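**Q** Sequence and computational prediction follow.
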Amino acid sequence: MFPQSFHAYRGKRVDGLSHDPVVKLAMDIFVSLLTFFFIGGLFGFVLELFFRRFVSQKRWVKPGFLAGPFIPLYGFGFAILYAFDAFIPWQSISGMEWLNLLIEIFVLGLALTIIELIAGLVFVKGMKVRLWDYSKQPGNFMGLICPLFSFFWLVGAALYVLLLGEPFIVVGTFFMDHWTVLSYPIGLATGLLLCDFGYSMHVLSKLRAAIKDPRFVASWEKAKLVLRDYYQKLKKKQSFLFPFMNKENKFFEAIEEHMAELKAKGHEALARLEGKRKEGGD
């Protein structure tokens with residue numbers, strides 16, 4: 001399922017930055033993947049926004065780690081779906097087309113689950129923050145992946161292979177043919193994304209400083225809700241785009257109050273367990 005332009009570029013005379021067709025081809029592929037990355041990130045934000053509004057939380061809650069309308073996990077997913085489907089010769093695996101399709105769908109679904117696991121581990125283990133939590137789902141692993149959402153990834157991979165693969169290849173070919181034009185907006189979007197990531201890391205450092213416990217894994221979504229409830233007590237509104245910012249500047253007070261409540265609940269739970277043990281011993 002290689003795009004036609006992938007083969008057409010071989011041996012094609014190249015003008016501009018380089019006369020090497022291999023270098024030109026590499027730039028074409030890179031820019032097309034980066035474009036799909038940004039498209040996927042925007043799509044993921046919209047999907048998660050409406051999922052929270054109508055399924056999980058029944059209200060408008062801004063999803064994601066970044067301040068802007070972008071979720072990188074979906075961006076990587078889109079880019080990998082396109083790259084795996086376009087540049088791997090799945091139809092050469094066997095003489096049975098249906099089997100090749102099943103193998104492709106399974107591999108793509110597995111790849112999406114692996115991306116989700118890696119991203120989750122980076123944040124939980126490296127940054128001590130949890131961006132999503134599947135701990136209440138049966139068969140979950142560390143609350144980062146679970147059979148239910150892996151099934152959803154598999155369904156997404158099937159929809160892509162069966163319905164969207166060919167249109168995406170056509171669009172990807174267009175991106176490859178016009179990479180010099182796309183490089184400017186993509187470069188600007190990359191710069192904005194890096195700035196957004198820097199801001200979000202700054203917020204995370206403030207959250208870690210307010211928690212004061214290096215072992216505690218904070219919930220990013222829970223922190224947003226904690227701040228919302230705290231601002232409601234002050235009769236102030238929480239910013240939708242910047243939920244960790246407020247004119248009152250009560251970030252540390254809100255998080256510290258929540259941590260004190262968690263510790264108090266923990267002590268109460270331990271006291272109840274100790275009481276049950278004593279009753280059992282008697």
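**A** On my side now, so go ahead.

**Q** Would you check that residue 197 makes contact with residue 66?
**A** Yes. When contacts are counted by CB atoms under 8 Å, residue 197 is listed as touching residue 66 (6.6 Å). C-beta coordinates here come from the backbone N, C-alpha and C atoms, glycine included.

**Q** what residues go with each domain of this structure?
**A** 4-203, 217-281 (automatic domain parsing).

**Q** Worst mean pLDDT among these?
**A** Per-stretch mean pLDDT for the domains of the chain is lowest at domain 217-281 (a mean of 75).

**Q** gap between that domain and the chain center?
**A** Centroid separation for domain 217-281 versus its chain: 25 Å, with CA atoms, centre = their mean, to the nearest Å.

**Q** Would you map the helices across the stretch 51-200 of the chain?
**A** 72-87, 97-121, 127, 147-159, 165-177, 179-211 (DSSP state H, counting those that start in this stretch).

**Q** mind checking which of those helices is nearest residue 228?
**A** Nearest to residue 228, of all those, is helix 179-211, at 14.7 Å by CB to CB.

**Q** residues making contact with whichever helix or strand comes after the closest one?
**A** Per DSSP states H and E, helix 179-211 leads on to strand 218-219 as the next helix or strand towards the C-terminus. Residues outside strand 218-219 that contact it (CB atoms under 8 Å, 6 or more residues apart in numbering) are 128, 129, 130, 133, 207, 208, 211.

**Q** need the contact list for the fourth one.
**A** Listed by CB under 8 Å, 6+ apart, the contact partners of residue 133 are 143, 219, 221.

**Q** quick one, what contacts residue 68?
**A** Contacts of residue 68 (CB under 8 Å, 6+ apart): 192, 193, 196, 241.

**Q** what number of residues lie near the first one?
**A** The burial metric for residue 192, expressed as a neighbour count using other CB atoms under 10 Å, is 12.

**Q** what do you get for the last one?
**A** Other residues lying near residue 241 total 9 when counted by other CB under 10 Å.

**Q** Quick one: residues contacting it.
**A** By CB under 8 Å, 6+ apart, the neighbours of residue 241 are 62, 67, 68.

**Q** With residue 119 as the reference, measure out to the second one.
**A** Okay, so that is residue 67. 18 Å (CB to CB, to the nearest Å).

**Q** Closest to the centroid, which residue in this protein?
**A** residue 73 (2.5 Å; CA atoms, centre = their mean).

**Q** Check the contact between it and residue 118; I expect there is one.
**A** No. Counting by CB under 8 Å, residue 73 does not reach residue 118; the two are 9.7 Å apart.

**Q** For stretch 96-107, buried residues please.
**A** 100, 101, 104, 105 (16 or more other CB atoms under 10 Å).

**Q** for stretch 143-158, same thing?
**A** 143, 144, 145, 146, 149, 150, 153, 154, 156, 157, 158.

**Q** Using CSV, lay out the residues you listed together with distance to residue 171.
**A** Formatted as CSV, the buried residues of stretch 143-158 follow (distance: CB to CB, whole Å):
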residue, distance to residue 171
143, 35
144, 31
145, 29
146, 32
149, 27
150, 27
153, 22
154, 23
156, 18
157, 18
158, 20
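
**Q** Just name the closest of the residues you listed to residue 46, please.
**A** Distances from residue 46 to the buried residues of stretch 143-158, taken by CB to CB, are shortest for residue 156, at 14.7 Å.
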